[in-house]
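1. I would like the atomic coordinates for the input below:
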Amino acid sequence: METKANSNMSSPKATDFGTALCIITGASKGLGRSLAREIAGLLKPGSVLLLVARSGDKLQQLQADLVSSEAGTAGLQIRCVVADLSHKEGVESVVRQAKETSCSGIDRLLLFNNAASLGDVSRYARSFTNMDDVDSYLSFNVSSALCLTAGILGAFPHRIGIRRCIVNISSLCAVKPFSSWVLYCSGKAARDMIFRVLAEEEPDLRVLNYAPGPLDTDMLLQARTFTADATVKESISAMHSEGHVLTCEESAGKLLKVLLEDNYPSGAHLDVYDV
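-> As a prediction, the model looks like this:
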């Protein structure tokens, strides 16, 4: 089925996200941290920025950095939610915190499903005989994204005057297989389809699968160190050593530009290099 194009493509381009409730999972480091820093200055006074991660110390440091910046003095509420999204209690705590935010005057809801893990790339698909290993990976990387999104949409249903946008942080691995990356590729492909279906079911939503490109993060270091397939490992190492990776700030900036321009078909998979 064809994805639905935005009906407001001719509207003037926005320069900020208005008064919003913005939720970012995996906010303590990497792309999530950069998204928080970049979007803080694009939220109007009265907005709430909900930062979600497993590491409380890193979240508090990010909160302190934002509060000490210009954005922190502009009437922006910055809240931290320490939650393990691989368990239902973690997902439920984020939804509960979102419901409790004092943001009745918001005109936009933004949810960035960024939290994810690489999984065990030191093994090939034929070695995954233990269902518990697979279930654990999929619980954190797939089930949590669906359940959190559903919970947030239930807490903030469609109504006149509020625009809702759901972003799934995707990957090239959602559309291209990489040897010894069976968990990561499967998880990303599943997440893309979840949000493509959501776009079909909820025409009032703006939904985007965004592939941020190869980023200079701990995950890339893990991939360079542990990938079992020699060809894939060498390719990633060469990309890093030759400087062909992006900073998280670069990719986050491009994503926010896409969201402000709002010209993508809802449910689309968009790669950073296509921006």
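2. which element follows the helix-or-strand element of the chain with minimal mean pLDDT toward the C-terminus?
-> Ranked by mean pLDDT, DSSP states H and E, the weakest helix or strand in the chain is helix 56-68, scoring a mean of 94. Sequence-wise, the next helix or strand downstream of helix 56-68 (DSSP states H and E) is strand 77-82.
3. Next, the buried residues of the next helix or strand after that next one.
-> Helices and strands here follow DSSP H and E; after strand 77-82, the next one along the chain is helix 88-100. Across helix 88-100, burial judged by 16 or more other CB atoms under 10 Å covers 90-91, 93-95, 97-98. Where you see a C-beta, it was placed from the backbone N, CA and C, and this is true even at glycine.
4. How about stretch 186-197?
-> 186-192, 194-196.
5. distance between that stretch and the chain's centre?
-> Relative to its chain's centre, stretch 186-197 lies at 13 Å (CA atoms, centre = their mean, to the nearest Å).
6. do the same with stretch 264-275
-> Worked out by CA atoms, centre = their mean, stretch 264-275 lies 14 Å from the chain centre.
7. Likewise for stretch 92-107?
-> 18 Å.
8. Quote the end-to-end distance of that stretch.
-> Stretch 92-107 has an end-to-end distance of 24 Å (criterion: CA to CA, to the nearest Å).
9. Please give the element, helix or strand, for residue 207.
-> Going by DSSP H and E, residue 207 is in strand 206-211.
10. Quick one: mean pLDDT over that strand.
-> Regarding strand 206-211, the rounded mean pLDDT is 98.
11. can you pull the contacts of the most centrally placed residue in the chain?
-> Centroid check for the chain by CA atoms, centre = their mean gives residue 114 as the closest residue, at 2.5 Å. Contacts for residue 114 (CB atoms under 8 Å, 6 or more residues apart in numbering) come out as 24-27, 31-32, 35, 169.
12. which residues touch the closest residue to residue 226 other than its chain neighbours?
-> Once flanking residues are discounted, residue 226 sits nearest to residue 122: 4.6 Å by CB to CB, 6 or more residues apart in numbering. Contact partners of residue 122, counting by CB under 8 Å, 6+ apart, are 180, 226-228.
13. and the residues you listed as CSV, adding distance to residue 261 and secondary structure?
-> Formatted as CSV, the contacts of residue 122 follow (distance: CB to CB, whole Å; DSSP: H, G, I helix; E, B strand; the rest coil):
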residue, distance to residue 261, secondary structure
180, 37, coil
226, 38, helix
227, 35, coil
228, 40, coil
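14. quick one: which of those residues is nearest residue 50?
-> residue 226 (32.2 Å; CB to CB).
15. what about that closest one, how many neighbours?
-> 14 (other CB atoms under 10 Å).
16. Over to residue 250?
-> 16.
17. In a helix, it, correct?
-> Yes: Residue 250 forms part of a helix when assessed by DSSP: H, G, I helix; E, B strand; the rest coil.
18. And the residue nearest to residue 226, how close does it get to residue 34?
-> 28 Å (CB to CB, to the nearest Å).
19. Okay, now the unreliable bits of the protein?
-> Scanning the chain with the threshold set as pLDDT under 70 gives 1-12, 70-74, 102-104.
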